[in-house]
Structures are given as C-alpha cells and as structure tokens.
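**Student:** turn this into a structure:
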Amino acid sequence: MTQLIYICDGTNVLFSKTDASKDEILKKMKDHQWQFPFRYETPKVLQIDAWVVIYGQSRKTLFDLLTPQQIKIVGRLACGESASQIAVAMRISTDTVNYHIKEAKKKLRVDTRNELIALYSRETSFE
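**Tutor:** Here you go, the predicted structure:
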C-alpha cells in the first residue's frame, strides 16, 4: 500500500492510498497514464519512505485563456452550429465568428475545429 499526498498550488491537499507500488506510480506518471485529482501543469514528485508526495501548479483551462465571446462561439460550435448560424444568432458577421475561432485555436494550440470542439467538450465535462 502506497500513501499519496497531492499538493496543488501550495494550498489544496489531498491524501490518498493505492495498491500500486511507488515504482508503478512513478512509471505511470512518466508515461502520462496516472490520473491526477487536480489539473496539474507539470507535477513534481518526491518520495519519502512509503509516501509519494506530488506537488503541482493548476493547469489553466480554456476558460482562463479565452475571452467570454470566444467561449460562447466555441460552445455554439460544439453544439453543432456552423459559423454562419452562430453569426446570425449572435448578430455578428461570419468573418468575426471565424476570427474568434481562429484566435481560440491559436490560444489553445490546436489546429482544427474538431480539436477545438473536443477540448471544449473535455473542459466542460468537469463542471
């Protein structure tokens, strides 16, 4: 039994236990297969006897990175609306909608609208 301590942003602390050994945990973390209870940027790991201490900073979400207008547009896009449908509904031009989509993709470092929609869907599933 391995004891885990998760510390996020230096203030949020969670204690946990797992049947996985310390070595298994560290390997899964290295391979990005370990499920974290917090949204970490890059965790730092410290081993102390039977404890594994995991410290990290919160990862910024798309809601931290995008403007409210961009979030509305990406949300409508995720609901299956086209750029022209979004433009009509929001009373803005199609060019403006496409501009916001382009800027959102740039900020979130994705290449396609489908990747943007997938990221939006993952982020909103946590709420």
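**Student:** domain ranges for this protein?
**Tutor:** 2-56, 62-124 (automatic domain parsing).
**Student:** lowest mean pLDDT across those, which one is that?
**Tutor:** Of all the domains of the chain, domain 2-56 carries the lowest average pLDDT, namely a mean of 83.
**Student:** which other residues reach the helix ranked longest in the chain?
**Tutor:** Counting by DSSP state H, the longest helix found in the chain is helix 94-108. Here helix 94-108 makes contact (Cβ atoms under 8 Å, 6 or more residues apart in numbering) with 62, 65-67, 69-70, 73-74, 77, 83-84, 86-87, 90, 111-113, 115-116, 119. In this view, the C-beta of every residue, glycine as well, is placed from N, C-alpha and C.
**Student:** now a PyMOL select for only the buried ones of these.
**Tutor:** This is how PyMOL selects the buried members of those, with burial counted by 16 or more other Cβ atoms under 10 Å:
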select buried, resi 62+66+70+73+74+77+83+86+87+90+113+116+119
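**Student:** got the residue ranges for the helices in the chain?
**Tutor:** For the chain, the helices defined by DSSP H occupy 22-30, 62-65, 68-78, 83-90, 94-108, 113-124.
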